[in-house]
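A.B. asks: can't give you the sequence, but here's the structure:
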Ligand SMILES: Nc1ncnc2c1ncn2[C@@H]1O[C@H](COP(=O)(O)OP(=O)(O)OP(=O)(O)O)[C@@H](O)[C@H]1O
Ligand SMILES: O=C(O)C1=C[C@@H](O)[C@@H](O)[C@H](O)C1
Ligand SMILES: [Mg+2]
């Protein structure tokens with residue numbers, strides 16, 4: 001199917017770039033983080049507090065696996081890549097685009113990790129999380145876009161032209 005699924009670290013720009021890209025392409029836009037909040041009636045950080053990190057990843061995996069749409073740009077949550085079933089599903093319904101950004105830039109954008117509800121385990125640094133996730137983002141990606149020092153509109157344009165090739 002003809003969807004576009006954006007993956008990458010928290011703060012990489014999936015949600016902001018996703019909506020700009022959807023407008024350019026005349027697609028719908030869905031943010032899977034908001035679908036999770038809507039379906040559970042909870043804020044993301046509340047789910048993490050109530051169910052723990054593994055519980056949150058399970059909820060995210062189940063909801064992402066159930067997403068059924070067409071001609072839609074889907075901005076996923078940074079931790080979506082831990083959900084194997086969800087990622088296999090995304091692969092079957094569209095093109096997965098990994099928005100790559102250096103750990104330094106991610107750190108600069110995120111600020112306090114705990115305030116943002118990132119699924120970081122006790123004792124784990126942002127650098128550890130980055131090293132753990134990068135191979136996963138790369139494994140599932142159909143296209144990798146380097147987002148370093150680029151404006152949102154230029155990244156959206158680059159994705160559009162990469163999709164044509
Ligand atoms: N290319 C860019 N240049 C400068 N700032 C950017 C760029 N892309 C995104 N941002 C900013 O970075 C912040 C994080 O972006 P955004 O919320 O879209 O990330 P995300 O990948 O959706 O994160 P999450 O996984 O937590 O949902 C926002 O303040 C956004 O405006
Ligand atoms: O990268 C993460 O661990 C997360 C990113 C957000 O988009 C949310 O999906 C949630 O807060 C977890
Ligand atoms: Mg987002």
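C.D. replies: Noted; the coordinates are in hand. The structure presented is a predicted model; accordingly, all values stated were derived computationally and were not measured. Ligands and ions are numbered 1, 2, ... in the order given.
A.B. asks: how far away is residue 92 from ligand 3?
C.D. replies: 22 Å (C-beta to the ion, to the nearest Å). C-beta coordinates here come from the backbone N, C-alpha and C atoms, glycine included.
A.B. asks: Hmm, I typed the wrong one, I wanted residue 6.
C.D. replies: Distance from residue 6 to ligand 3, by C-beta to the ion: 9 Å.
A.B. asks: same check, this time on residue 14
C.D. replies: Distance of residue 14 to ligand 3, given as C-beta to the ion: 5 Å.
A.B. asks: Around that residue, how many other residues sit close by?
C.D. replies: For residue 14, the count of nearby residues is 28 (other C-beta atoms under 10 Å).
A.B. asks: cool, residue 66 as well?
C.D. replies: For residue 66, the tally of surrounding residues (other C-beta under 10 Å) stands at 12.
A.B. asks: What are the phi and psi values at it?
C.D. replies: phi -90, psi -10 (degrees, to the nearest 10).
A.B. asks: Can you read off the pLDDT for it?
C.D. replies: pLDDT recorded at residue 66 is 98.
A.B. asks: Look up how far ligand 3 lies from it.
C.D. replies: 19 Å.
A.B. asks: for the chain, which helix is longest?
C.D. replies: Using DSSP state H to assign secondary structure, the helix with the most residues in the chain is helix 44-65.
A.B. asks: And the contacts of that helix?
C.D. replies: If you take C-beta atoms under 8 Å, 6 or more residues apart in numbering as the criterion, helix 44-65 is touched by 32-33, 35-37, 39-40, 42, 76-77, 79-80, 82-86, 89-90, 117, 119, 121.
A.B. asks: Excluding covalently adjacent residues, which one is nearest to residue 87?
C.D. replies: Spatially, and ignoring its direct neighbours in sequence, residue 87 is nearest to residue 140 (4.8 Å; C-beta to C-beta, 6 or more residues apart in numbering).
A.B. asks: I'd assumed residue 76 was in contact with that neighbour.
C.D. replies: No - using C-beta atoms under 8 Å, residue 140 makes no contact with residue 76, being 10.4 Å away.
A.B. asks: now the strands: where do they sit in the chain?
C.D. replies: 3-7, 28-31, 72-75, 94-100, 143-146 (DSSP state E).
A.B. asks: Can you add mean neighbour count and give the ones you listed back as CSV?
C.D. replies: Listed next are these as CSV, based on neighbours: other C-beta atoms under 10 Å:
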stretch, mean neighbour count
strand 3-7, 26
strand 28-31, 17
strand 72-75, 26
strand 94-100, 22
strand 143-146, 16
